[in-house]
Structure formats: structure tokens, C-alpha cells
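J.: I'll drop the sequence and a predicted model, then ask my questions.
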Amino acid sequence: MKKNLSILYVFLILLMVGTKAQSQITLQHTIDSTLYGYTFYPAKISNTETKYVLLDTSADTFDIYNLDFSPFMTNISVPHPLNNGNSYFYYVL
């Protein structure tokens, strides 16, 4: 009886220790929304895909980057000036 009870205690202790997990999140990047004259926005381009849109108001162009900052499409010119502060993108084709 004592042996069965001690095996039960060991099993319960192992069960409690085995279910306790710890983790740590490491900050890799912080991003300022206006950096060196560029303004970027997260843009959801489909139901499962999000990209960053970087606006260059001085050259009236924009770039689209993946979430890991690898280029997706770059140097896309816009016919309307972006420097007036009232420009919005609704669709990017």
C-alpha cells in the first residue's frame, strides 16, 4: 500500500512539473511610423496576407515590403502628389 501511494505521489509531482512551461519573447525591432521622411502603414492585401506600404512623399513613390522587410514591389510612382497630407490608398493593384 505504501509503495502504491508513493508511486502515485511521484506521478502527480511529475505531472505538475511536466505541464508547467516557461517562455520568453525577444524584441528584435521597433519601428517608428515616420522615419527619414518616409511614412509606412501596415496594409492587409488579402485575407491571409499583410504587407508594409512605405510612402516616399518627396519623390511621390511608394514601396511594398513583406513583414520581414524584404522588398515585394519597389519604386511605384503615383501620379498624384503625396506631400499634401490628404492622400489615401484604398486599393493597390
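T.: Perfect, I can see it now. Residues are numbered from 1 along each chain as shown.
J.: Surely residue 53 is within a strand?
T.: Yes. Residue 53 sits within a strand when classified using DSSP: H, G, I helix; E, B strand; the rest coil.
J.: List the beta-bridge partners for the nearest residue to it once chain neighbours are set aside.
T.: Leaving aside its chain neighbours, residue 53 sits nearest to residue 43 (4.7 Å; criterion: Cβ to Cβ, 6 or more residues apart in numbering). (C-beta placed from N, C-alpha, C; glycine too.) Beta bridges link residue 43 to residue 51, judged by DSSP bridges.
J.: So what's the residue count around residue 43?
T.: By the criterion of other Cβ atoms under 10 Å, residue 43 has 13 neighbours.
J.: next one: residue 54
T.: 18.
J.: For it, give its distance to residue 23.
T.: According to Cβ to Cβ, to the nearest Å, residue 54 and residue 23 sit 32 Å apart.
J.: per-residue confidence at residue 79?
T.: pLDDT for residue 79: 77.
J.: Just to be sure, it is in a helix?
T.: No. Read with three-state DSSP, residue 79 is coil and lies in no helix.
J.: Just say helix, strand or coil for residue 13.
T.: State at residue 13, reduced to three classes by three-state DSSP: helix.
J.: ditto for residue 8
T.: helix.
J.: ok, it - how many residues close by?
T.: Using other Cβ under 10 Å, residue 8 has 10 neighbouring residues.
J.: going forward, begin numbering at 468 instead of 1
T.: Done: numbering now begins at 468, and the last item shifts to residue 475.
J.: could you list every residue that touches it?
T.: For residue 475, the contact set (Cβ atoms under 8 Å, 6 or more residues apart in numbering) is empty.
J.: what separates residue 509 from residue 521, distance-wise?
T.: Residue 509 is 11 Å from residue 521, by Cβ to Cβ.
J.: Can you show me the helices along the protein?
T.: 469-485 (DSSP state H).
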